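Participant: Pasting a predicted model and its sequence here:
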Amino acid sequence: MAQPAREQELAGVESTPSIDAVDPEEMEDETAVDDADVEDMTSRPLAYRFAPLRIRRRHVPVLQEPAAHARCVASIQAKPFGQARVITAYKRRGPWLWVWWDGRFGWVDTANLEPRCGWTAELVSGDADPREAWPGDNYLGPRGRFVLGPDVGGFAATNAMTTLPTLVVFFSTMASPELLCGGRRGLWLALRAGLAAIYATCVFLLWRAALTEPGVLPRNPPDAKPSLPPGCADAPDLKICHTCNLVRPARSKHCGSCNNCVELFDHHCPWLGTCVARRNYAYFALFLHCEVLLIIYVGCVTALRFATAYASSRRDDPGETVGGFVDHLVEDATWPLGAAAVAVGLAFPVVSLLAFHLRLAAIAQTTNESVRGVYRHAPNRHDRGCRRNCWAALDLALCQKIPPSRLAALFRRTAPGGYGSVAREPAP
């Protein structure tokens, strides 16, 4: 699409849209209060630090009017590990603050935050931590070195399902050379070293996929016109994210779980706890391959252990039946059997997921595009044929360098105002 035509389309876009498709003028009329009671801080807005006090806390409601029984238009959710949020207030009426949150304006009652929701709100007198000023639902590490998704429980479960069976196999199934491979110590050491190497690679890829910033697009301030992020390809049709107040690039999507627009969005993975997109998809794909290899390795080692035990049982008692051997195996090798059962249970979903992503690589689609059927009745301009698509995916996973994060500007001391910046307390 020609650039002048795109500029004409963007010229008619409102800068403060509403998710509920409510006209901003109507919303202002509904939230209008007595001007004498309202302190207008639009020219110099103030920043407030909202911090959760306890583990069991509620979402902070953003109300349409400064009244306890007004309609809730949005909610402020807690970040992982209780990381605070810095929110800009544009008006103030007693304890009520008029804030911009999730693409709409609303009122927050700071007087009842602690007893009702388990939060506190304090005025920020200087520059706040950019990690707290970031409006997404992810947890940002020091200076943005890592980004953890909101689904911390899913990430912990993936680590447990990968680690526990491996430890059982390492310390129980492969306890001694006699039990595993008939006393051949060299083979025993090689098998243990191979398991440790595959497991370490698998955990490394898992953590890199989960902690790498997936490709979040910075938000525009609420008073700015929606614009296309620099360096991004324009979509065939005009798609505007009202929450982030920007024009969504091609193949991007706003993730409702992370509350961010993500570049080249594939899907939100609850087992990683974060989005899989442009900057961490390669780690995710390599993790799937390594996880399948680990499952196969665990299954082969367990089968070798059972085969060695069966051969030893036949030598000691040639008349023993298979049923008797199984009974003794259940009694003497409970932990190896449990690890094998877990590996078999994980094999089908993990292998199916890997096969699905291999198919996506062959047809040059993302999970989001495949599920939505974007190219069901339209040509896919990214499809260059199966062989070229597979080579491109392989090059992406193994050779290409990860592009720099767009959130790096938040942690520069010379960063201009706008996204991630907070206002200073006005001088007396």
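Facilitator: Thanks, I have it.

Participant: shaky segments in the stretch 51-200 of the chain?
Facilitator: Across the stretch 51-200 of the chain, the ranges flagged by pLDDT under 70 are 54-57.

Participant: which residues in it form strands?
Facilitator: 60-63, 72-76, 85-93, 96-101, 104-109, 119-123, 139-140, 147-148 (DSSP state E, counting those that start in this stretch).

Participant: Just put the ones you listed in JSON lines and tack on distance to residue 386 and mean neighbour count.
Facilitator: (Each C-beta comes from the backbone N, C-alpha and C, glycine too.) Listed next are those as JSON lines, based on distance: least, C-beta to C-beta, whole Å; neighbours: other C-beta atoms under 10 Å:
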{"stretch": "strand 60-63", "distance to residue 386": "49", "mean neighbour count": "22"}
{"stretch": "strand 72-76", "distance to residue 386": "45", "mean neighbour count": "19"}
{"stretch": "strand 85-93", "distance to residue 386": "46", "mean neighbour count": "21"}
{"stretch": "strand 96-101", "distance to residue 386": "45", "mean neighbour count": "22"}
{"stretch": "strand 104-109", "distance to residue 386": "45", "mean neighbour count": "23"}
{"stretch": "strand 119-123", "distance to residue 386": "53", "mean neighbour count": "16"}
{"stretch": "strand 139-140", "distance to residue 386": "39", "mean neighbour count": "22"}
{"stretch": "strand 147-148", "distance to residue 386": "34", "mean neighbour count": "24"}
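
Participant: got the contact list for stretch 281-290?
Facilitator: Contacts with stretch 281-290, where a contact means C-beta atoms under 8 Å, 6 or more residues apart in numbering, come from 198, 201-202, 205-206, 208-209, 212, 264, 266, 269, 272, 276, 350, 353-354, 357, 361, 393, 396-398, 400, 402.

Participant: got it, and stretch 385-399?
Facilitator: 281, 282, 285, 286, 361, 362, 363, 364, 383, 384.

Participant: For the residue nearest to the spatial centre of the chain, give me its contacts.
Facilitator: The centroid of the chain falls nearest to residue 274 when counting by C-alpha atoms, centre = their mean (1.2 Å). Neighbour list for residue 274: 138, 147, 148, 149, 150, 151, 155, 210, 214, 258, 268, 280 [criterion: C-beta under 8 Å, 6+ apart].

Participant: Let me see the mean pLDDT of the lengthiest helix in the chain.
Facilitator: Using DSSP state H, we find that the single longest helix of the chain is helix 281-316. Confidence for helix 281-316, expressed as mean pLDDT, is 87.

Participant: Any buried residues in that helix, and which?
Facilitator: The neighbour-count check on helix 281-316 (16 or more other C-beta atoms under 10 Å) flags 281-292, 294-295, 297-299, 301-302, 304-306, 308-309, 313 as buried.

Participant: Ok, stretch 242-258 next?
Facilitator: 242-255, 257-258.

Participant: how long is it end to end?
Facilitator: 15 Å (C-alpha to C-alpha, to the nearest Å).

Participant: Please compute how far it lies from its chain's middle.
Facilitator: Mean-position distance between stretch 242-258 and its chain equals 14 Å (C-alpha atoms, centre = their mean, to the nearest Å).

Participant: So for it, mean pLDDT?
Facilitator: The pLDDT scores in stretch 242-258 average 90.

Participant: show me what contacts the spatially closest residue to residue 42 that is not a sequence neighbour?
Facilitator: Counting by C-beta to C-beta, 6 or more residues apart in numbering, residue 42 lies nearest to residue 90, which is 5.1 Å off, once chain neighbours are set aside. Residues near residue 90 by C-beta under 8 Å, 6+ apart: 40, 41, 42, 45, 98, 99, 100, 105.

Participant: Could you export those residues as CSV, including distance to residue 373?
Facilitator: Rendered in CSV, the data for the contacts of residue 90 read as follows (distance: C-beta to C-beta, whole Å):
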residue, distance to residue 373
40, 48
41, 47
42, 44
45, 43
98, 41
99, 38
100, 35
105, 36
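
Participant: From those, pick the one nearest residue 218.
Facilitator: residue 100 (15.4 Å; C-beta to C-beta).

Participant: how much space is there between the closest one and residue 224?
Facilitator: 12 Å (C-beta to C-beta, to the nearest Å).

Participant: Now do the phi/psi pair for the residue nearest to the centre of the chain.
Facilitator: When read as degrees, to the nearest 10, the backbone of residue 274 gives phi -150, psi 180.

Participant: That one and residue 61, how far apart?
Facilitator: Separation of residue 274 from residue 61 (C-beta to C-beta) stands at 26 Å.

Participant: and if you look at residue 396?
Facilitator: 43 Å.

Participant: cool, and residue 312?
Facilitator: 67 Å.

Participant: Likewise for residue 117?
Facilitator: The value you get for residue 117 to residue 61, if C-beta to C-beta is used, is 8 Å.

Participant: which residues are common contacts for those two?
Facilitator: If you check residue 117 and residue 61 against C-beta under 8 Å, 6+ apart, no residue is contacted by both.

Participant: does residue 76 really touch residue 109, like I thought?
Facilitator: No. Residue 76 lies out of contact with residue 109 (C-beta atoms under 8 Å); the separation is 11.8 Å.
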